[in-house]
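1. Kindly generate the corresponding structure for this input.
(chains A and B)
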Amino acid sequence: MPKRTDIHHILIIGSGPIVIGQACEFDYSGTQACKALREEGYKVTLINSNPATIMTDPATADRTYIEPITPEAVEKIIIKERPDAILPTLGGQTALNTAMKLVKMGILEKYGVEMIGAKYDAIMRGEERNLFKMAMAEAGIETLKSFEVHDLESARRIATEELGFPIIVRPSFTLGGTGGGIANDMDELMRIAEGGLKASLTTEVLLEESVFGWKEFEMEVMRDKKDNAVIICAIENMDPMGIHTGDSITVAPTQTLTDREYQVMRDASLKVLRAIGVETGGSNVQFCIHPKTGRMAIIEMNPRVSRSSALASKATGFPIAKLAAKLAVGYTLDELPNDITKETPACFEPSIDYVVTKLPRFTFEKFLSANPLLGVSMKSVGETMAIGRNFKESLQKAFRSLEIGVDGLDLKAEKRVNPDKLDTYLKTTCTERTIAIKMALKRGYSIEKIHEMTYLDPWFIDNILQIVELEKELKDAADLDYDLLKKAKQNGFSDEQIGALRGCKGNDIRTLRKKLGIVPVYSLVDTCAGEFAASTPYFYSCYADLDETRKTDKPSVVVLGSGPNRIGQGIEFDYSCVHTVKALREMGYEAIMVNSNPETVSTDYDTSDKLYFEPLTFEDVMNIYEAEKPIGMIVQMGGQTPLNLANRLLDAGVPILGTSPKSIAATEDRELFRQLLDKLNLKQPESATARTIDQAEAIVKRIGFPVMIRPSFVLGGRAMMVAYEEKELEPFVNAAFAASPDHPVLIDRFIEHAIEVDVDLVCDGTDVYVGGVMEHVEEAGIHSGDSACSIPPYSLGHEMVERIKTACSAMALELNVRGLMNAQIAVKGDEFYIIEVNPRASRTVPYVSKATNVPLAKIATQIATGTTLKELGLVGFEPKLEWFAVKEAVFPFNRFAGVDPILGPEMKSTGEVMGIDSCFELAFWKAEIAAGQALPTEGAVFLSAKDRDKDWIIQIGKELSEMGFKLVATEGTAHALHAAGLEILLTHKLSEEGKNVIDLMKGNGVQLLINTPSGPVARQDEIKIRSEAILRGIPIVTTESGAIATIRAIRYIKSNDWNVRAIQEYHA
Amino acid sequence: MNKALIALEDGTCFEGRAFAGSGEFDGELVFNTSMTGYQEILTDPSYHGQIVTMTYPLIGNYGINDEDAESRGIFAQGLVVREYSRIHSNWRASKSLAQYLEENGKIGVDQVDTRAITLHIRDKGAMKCVVSTEDLDRSSLVEKAKNSAGLVGRDLATEVSTAVKYVWPKGGKPDAEFRVAVIDCGIKLNQLRIFEQLGCECTVYPVATAAAEILATKPDGIFVSNGPGDPAGARDIARLVGDLIASKRPMFGICFGHQMIGLALGANTYKLKFGHRGGNQPIQDLRTTKVEIASHNHGFCVDADSVDPSIAEITHINLNDNTVAGLKHKKQPLFCVQYHPEAAPGPHDPFYLFEEFIDLMKEYRKEKP
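-> As a prediction, this is how the structure comes out:
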């Protein structure tokens, strides 16, 4: 069956901002889908609110709408574009939920848009638990004993009469199991179920028998309309049931199942697809197996591509999303070629001859009050994948890819675990459990004992034991001979890790290793375990005999990626890397990509000329350098990860293209930087560095409060805080020392109520092109990654903007930047202060590029390889912006119960959205909707502010009142508002008897919260109020400038309509 | 550590460690891409005379159990893997793979770059080899490999076929709906298990049985099993199969059985460069164009051009290389497939073929009561 010719125009829904549970994998799948469908001649229209994606690049789709992903916006797009079909299975749960709403609202029917990829009924059967269970019962597949409830009373009854504890609580229709958990008693059940009911779009939770500790598996399945169905990848979770698969260490293929057991699961997976009615595309099916009896039950299925399918695609080389898109338009698997072999069809099941391990990346250090235990609700923000010839190698490579300061499952890793509490680590589902297992084995715990404590399969524990034994062997050996060193390398030990065991440097091991002739070979990921020749150069390293690298005559350039997503370094950097690779290819270079993040577009083997799926460490990168001998490396695109390697690479003789690492160092060295600013006659906030508390106190005495305290060499403003008074100084300074031990703490004068500005520019050493000047909505002091911002500036005067541009250009030239530079500036009155300069790609590069239609990363790459701005026609060029593009941050607070959702100098957002429209107000309003903070146009606003903020809160109150909002406040704020002549509804404090604001929120009595924190250590009731708002999706504003922008937007939208516009129309 | 050397007839050598067994073993070196199923593979009599390399690097993880053997013992001469797991973990496991290999007097070698072996065979073809823990001299062992018997032209099926006829299930199946005569060319037990499950009683005959003896029992259907070796070397079996075909009774053949039927119908067979061995091969049913994923284990193949279209129709092809994967007689209730619908190891997609055979027997009975 060839492709359908009755449809011509397809609307694809993207997944929106990066949030926990929905990350770059959907940029990867969405981009693949756009490419695949356009390749077939279909017109593709796209909606996605996330500007940091390759998917929303103007060149990816025919029409790109960077608009909020809501049924209203999609309807407007449908009216404008009149697509024939809508494809909702490649944009995660967001796309699926939006499409389901469109069906329910009758919009698709009204405009004659067909849903392809999955039908409404199939999605319902896959997602709605009861329908799912019925379908499974009909297909003869065992499900877990479970009951759905819509209220707490029924939950109580089911627990007592039917299930008994422990009980797993799973809400329906949520992201990554938000609000779910394991309840061990009635109190816990009530608490978790309440959260789950709120998180569920359908106010429904499932209470399920506990299968805690069972073996857990995932099957990635594809089916076409001819009913050809294949398993692409089977994944075994090393962490058994009880930890969300997104937070589990997972391994492909399965390791501990016989063929008979595997085939039973395979049969069941195919039956599931047929029973649910997934006619075309990819699905993910999860199973659990009792480790002693082999009883197998299905846990759930997702009738769409998922995080696991992205992992499966990278693990096998089989592009699931691309194929899913082609199947959705009528192709069948046998008609499509296997991309990698070219000769054989895509209708087969990949066989792999290596082991793939995925490790989750957590950021609990950012959310200190959050419960760091793992459960059925996903909490990791990123992941890394590693490929090896055995499990030990892939596990250790994955550990050093995590970038958590470890060089494998090594001695440094052990520092993450309190050795006195080993048993607690083993018995709880904590993030460091694997490390604790290693330590327990070192102490002589038996495999059996650890299995009983952790439920991990003994096979995995034995593999960790082998690492332990080899570690001892390496430590004890008199000489590091060829055999031992080779064995260590074959089991994934890094040079650094061996060096630490031998009491020498990693470099010494490297030298010895090379002397002995122990160098890695590169093997191909080829979908077929070597059975057929592969044409696609997708490599991983291992210490075997056969090297499969291919030398070409083309000069090559290596681009270093950004590793696992984390807060502060995410998809934005992958975007820049992908652009770099594309630019290099256009210029005729062979572009070689190195990265370890399976979610990304950069690790799509289609993106670069050669892909090395490897950890981003000095050792691994140098090995590639020596194997490929490129003309140079580009390190300025992948964020902090490659920059951290830059100096060592340079010292090792690797040519670094673009800005020299020396210039980068000059911006990081406080003294050098001060000299630079002095020379250019630019100001920066008074600052000094302290190595002790006493020094810090002396500094503050000199420069005065408030001060910004920050540790050096950290990412995303880790442990940065503003101290307003004496008593805050010591704890904050100590926290900064703890975040970056052995480094001084930086103390700056904090400029209050300043406007923060970000500037992204490109410099070629002679000329500068300022790509964008972004005015932050939140004032200086809020991390730039967490602040909303606007291009062009919405309140700064033209002259100030020009002065800032001039200053930034001067700095770039003085630093001899060859590529991108980002500067952060605080504007206070008529003065501006340089806060920070980073000569590398910033988080805002994709946003600026989309807002201005000038591809900064591409230009920077051209410059790094010798082109000039003059040649590119960018000298004196100024993009004409007849619109505003507002970026807003998206936060994971809904994942971390008990964490105060306030903003500060430490970055906490996981993703971003963009709103674009003709004026700032509309752009801001759209950005807020896209960020899940849709602003109300009527109703009641709860106002609460500390004394320092009372003046402006009165002003805000007046404006809200004028617009017809009711005002609600507790005593202090109410008194101030009342005194200003405003009518106000007084609510009780949480500690008082009577109706309080939380009760009001529960009764839909509050539509907006404007709530400034009383101090850096907020009172418990404030946190409760803000958390309740987060849970209920009530927009919450915690800053003055945020409140002002909010009021402006609400005022505008009350008297104006809004519409959608494709990015191609803006740029036309 | 027990060093082992693998020497190929083309002079290539691979060094490894014997994790089980010792001595010297010769055979054709082949690779299998199944990621699970080493127990079934080792016990598949079709591997008689071969040394199997598993492309999946970690082998032994789930041990050996009492239920998954496909015959009375290990038929492969040896097993070559990247890393043997020193522990096994599975609720059904009863012993380790190393123990099982040793009990069967075979050899297991690990610490070998199995991908290097695979790519070598892929490029140069399956070839004769010797694995030794005794003779570690490369040139001497290569010489032995060159001089070893190899597979081509050899009738290995006769070597592995049952010595005496027997009934499956043991003691008979009184309620059996059909009685199937099975020609054992090296049968995998799962074929018999499936026949039993589908209501058949099987009488399993040695390949050296006279057609008349079989036909005298008036079986409802005749099945020709899988088996090892070069079909062209098994002329006697092909003749037997030809005689059975002449009876016009319902017939079904798998793998070597398919090749025998092909030969009996006048087609030729040839040796594939490195064969098909794995559980992921796409088979297209040309009548419906539907694809099934199937288990494969064969080094020889029926030549498509030699199939007389007036006698037989090619019903299935392997989509990877378009080789013949299934034949159906134009006039008689007879069909056969090159691959393994009994799976074990491998996917169950082609299970329906057994049911089709049952249907053929049903119809035959209706027409000729």
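
2. pLDDT below threshold where in the chain?
-> Using chain A here. Across chain A, the ranges flagged by pLDDT under 70 are A:1, A:173-179, A:201, A:713, A:715, A:897-898, A:1015-1019.

3. look at chain B instead
-> B:1, B:369.

4. Got the domain ranges for it?
-> B:3-147, B:156-367 (automatic domain parsing).

5. Give me the phi and psi for A:Ile1023.
-> Phi and psi for A:Ile1023, reported as degrees, to the nearest 10, are phi -60, psi -40.

6. Counting neighbours, what do you get for it?
-> 17 (other C-beta atoms under 10 Å in any protein chain shown). C-beta here means a position set from N, CA and C on the backbone, and glycine is covered the same way.

7. And for it, nearest residue in space, chain neighbours not counted?
-> Nearest residue to A:Ile1023 in three dimensions, chain neighbours excluded: A:Asp900, at 4.4 Å (C-beta to C-beta, 6 or more residues apart in numbering or on different chains).

8. Might you report the residue contacts of that neighbour?
-> A:Ser369, A:Pro1013, A:Ala1018, A:Glu1022, A:Ile1023, A:Arg1026, A:Ser1027 (C-beta atoms under 8 Å, 6 or more residues apart in numbering or on different chains).

9. Of those, which pair is most distant in space?
-> With C-beta to C-beta as the measure, no two of the contacts of A:Asp900 lie farther apart than A:Ser369 and A:Pro1013, at 13.9 Å.

10. neighbour count winner among these two?
-> Applying other C-beta under 10 Å to A:Ser369 and A:Pro1013 shows that A:Pro1013 carries more neighbours, namely 22 against 11.

11. That one belongs to a helix, doesn't it?
-> No - per DSSP: H, G, I helix; E, B strand; the rest coil, A:Pro1013 lies outside any helix segment and is coil.

12. shouldn't it be in contact with A:Glu1022?
-> Yes - contact status for A:Pro1013 versus A:Glu1022: in contact at 6.5 Å, counting by C-beta atoms under 8 Å.

13. Buried residues of stretch B:160-173, list them for me.
-> In terms of neighbour count (16 or more other C-beta atoms under 10 Å in any protein chain shown), stretch B:160-173 has its buried residues at B:Val160, B:Ser161, B:Thr162, B:Trp168, B:Lys173.

14. What is the nearest of those to chain A?
-> B:Trp168 (19.5 Å; C-beta to the nearest C-beta).

15. Next up, phi/psi of that closest one, please.
-> Per degrees, to the nearest 10, the backbone of B:Trp168 is at phi -120, psi 130.

16. show me what contacts it?
-> B:Trp168 sits next to B:Val182, B:Leu192, B:Phe195, B:Glu196, B:Glu201, B:Cys202, B:Thr203, B:Val204 when contact means C-beta under 8 Å, 6+ apart.

17. switch the cut-off to 7 Å
-> B:Leu192, B:Glu196, B:Cys202, B:Val204 (C-beta atoms under 7 Å, 6 or more residues apart in numbering or on different chains).

18. Indicate the residue of the stretch 751-900 of chain A located nearest to chain B.
-> For the stretch 751-900 of chain A, C-beta to the nearest C-beta, closest residue to chain B: A:Arg895, 33.7 Å.

19. For that residue, grab the count of nearby residues.
-> Close neighbours of A:Arg895, defined as other C-beta under 10 Å, add up to 24.

20. any idea how far it is from A:Val169?
-> Noted for A:Arg895: a distance of 15 Å to A:Val169, by C-beta to C-beta, to the nearest Å.

21. gap between B:Phe14 and chain A?
-> 8 Å (C-beta to the nearest C-beta, to the nearest Å).

22. Is that residue in a helix, a strand, or coil?
-> B:Phe14 ends up strand, using three-state DSSP.

23. Surely the residue of the stretch 751-900 of chain A closest to chain B touches A:Lys379?
-> Yes - using C-beta atoms under 7 Å, A:Arg895 is in contact with A:Lys379, at 5.7 Å.

24. Break down the stretch 151-300 of chain B into its strands, ranges please.
-> Using DSSP state E, counting those that start in this stretch, the strands found in the stretch 151-300 of chain B span residues B:166-168, B:178-184, B:200-206, B:221-224, B:251-254, B:269-285, B:291-302.

25. Also the stretch 251-400 of chain A?
-> Under DSSP E, counting those that start in this stretch, the stretch 251-400 of chain A gives strands at A:281-289, A:296-302, A:355-361, A:382-388.

26. go on, the stretch 601-750 of chain A?
-> Remark: strands assigned in the stretch 601-750 of chain A by DSSP E, counting those that start in this stretch are A:610-613, A:632-634, A:656-657, A:687-690, A:707-711, A:721-723, A:745-749.

27. Quick one: closest of those to chain B.
-> strand A:610-613 (16.1 Å).

28. Identify the neighbouring strands of that closest one in the sheet and state each direction.
-> strand A:538-542 (parallel), strand A:590-595 (parallel) (DSSP bridges).

29. any chance of the ones you listed in CSV, plus mean neighbour count and distance to A:Glu882?
-> Below are the strands paired with strand A:610-613 laid out as CSV (neighbours: other C-beta atoms under 10 Å in any protein chain shown; distance: least, C-beta to C-beta, whole Å):
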stretch, mean neighbour count, distance to A:Glu882
strand A:538-542, 26, 43
strand A:590-595, 27, 35
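
30. Export the ones you listed as CSV, with columns for distance to A:Gly294.
-> Rendered in CSV, the data for these read as follows (distance: least, C-beta to C-beta, whole Å):
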stretch, distance to A:Gly294
strand A:538-542, 33
strand A:590-595, 39
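
31. Is there a neighbour count for the closest residue to A:Gln466 other than its chain neighbours? I'd like the number.
-> Distances taken as C-beta to C-beta, 6+ apart put A:Lys392 closest to A:Gln466, at 6.0 Å, once the chain neighbours are dropped. Residues lying near A:Lys392 (other C-beta under 10 Å) number 23.

32. With A:Lys1054 instead?
-> 11.

33. for it, what are its contacts?
-> By C-beta under 7 Å, 6+ apart, A:Lys1054 lies in contact with A:Thr937, A:Met963.

34. so what's B:Ile314 up against?
-> B:Ile314 sits in contact with B:Leu286, B:Ala304, B:Val307, B:Val324, B:Leu327, where contact means C-beta under 7 Å, 6+ apart.

35. what are the phi and psi values for the residue nearest to the second one when sequence neighbours are not counted?
-> What sits nearest to B:Ala304 in space, not counting adjacent residues and going by C-beta to C-beta, 6+ apart, is B:Val324, at 4.9 Å. With angles defined as degrees, to the nearest 10, B:Val324 sits at phi -70, psi 130.

36. thinking B:Val324 is in contact with B:Ala312, fair?
-> No - counting by C-beta under 7 Å, B:Val324 does not reach B:Ala312; the two are 9.9 Å apart.

37. State the number of residues packed around the residue nearest to B:Ala304.
-> There are 25 residues near B:Val324, going by other C-beta under 10 Å.

38. what does B:Asp66 give?
-> Look at B:Asp66: counted by other C-beta under 10 Å, it has 9 neighbours.

39. One more: A:Tyr575?
-> By the criterion of other C-beta under 10 Å, A:Tyr575 has 33 neighbours.

40. Between strand A:382-388 and the helix or strand harbouring it, find me the angle.
-> A:Tyr575 belongs to helix A:571-586 when assigned by DSSP states H and E. Using axes from the mean of the first three to the mean of the last three C-alpha atoms, to 10 degrees, the direction of helix A:571-586 lies 50 degrees away from that of strand A:382-388.
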